[in-house]
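Peer 1: below: sequence and its predicted model.
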Amino acid sequence: MRVAIPVSSDGRVERVFDCATSLVVLDLRDRDRGKYFETEIRSRSMRERAREFAAMGINVVLCNEISQSFESLIRNGGIEVRTHHSGTVDEVMEAFVIGYLTRDRGWNDRPPAQVSIS
């Protein structure tokens with residue numbers, strides 16, 4: 001499974017996905033953390049961005065806010081979009097891996113322990 005998170009320059013989840021210029025992409029195998037890398041979003045239009053994400057093999061996007069039109073384009077490409085996730089990219093990645101993120105509306109009852117992903 002390949003998970004993408006829009007990242008801001010300070011290492012946090014970008015507030016509005018539509019404005020993101022880079023992504024952190026995490027490869028997961030059976031809920032084990034795999035390798036991750038940061039990549040620049042090259043495409044300008046929302047339609048081109050959605051195609052770019054599909055071409056990268058993204059399965060799930062974890063983001064904070066996203067416009068309905070951009071979300072629809074991404075979902076139409078077969079990518080699951082999970083919204084209302086904020087914090088550092090490390091926190092959100094770890095929470096996803098250990099199952100502390102709900103499907104669409106942020107954190108479960110308790111946040112994950114502070115764990116760094118290496």
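Peer 2: Yep, that arrived.

Peer 1: which stretches of this structure form strands?
Peer 2: Taking DSSP state E, the strands of the chain run over residues 2-6, 22-29, 32-40, 60-62, 80-82.

Peer 1: of these, which stretch is the most buried?
Peer 2: strand 2-6 (a mean of 24; mean count of other Cβ atoms under 10 Å). Placement of C-beta: from N, CA and C, glycine included.

Peer 1: what's the first-to-last distance across stretch 14-27?
Peer 2: 20 Å (Cα to Cα, to the nearest Å).

Peer 1: give me the mean pLDDT for it.
Peer 2: In this model, stretch 14-27 has a mean pLDDT of 94.

Peer 1: then stretch 61-72?
Peer 2: Mean predicted confidence for stretch 61-72 is 95.

Peer 1: how far off centre is that stretch?
Peer 2: Centre-to-centre, stretch 61-72 and its host chain are 10 Å apart (Cα atoms, centre = their mean, to the nearest Å).
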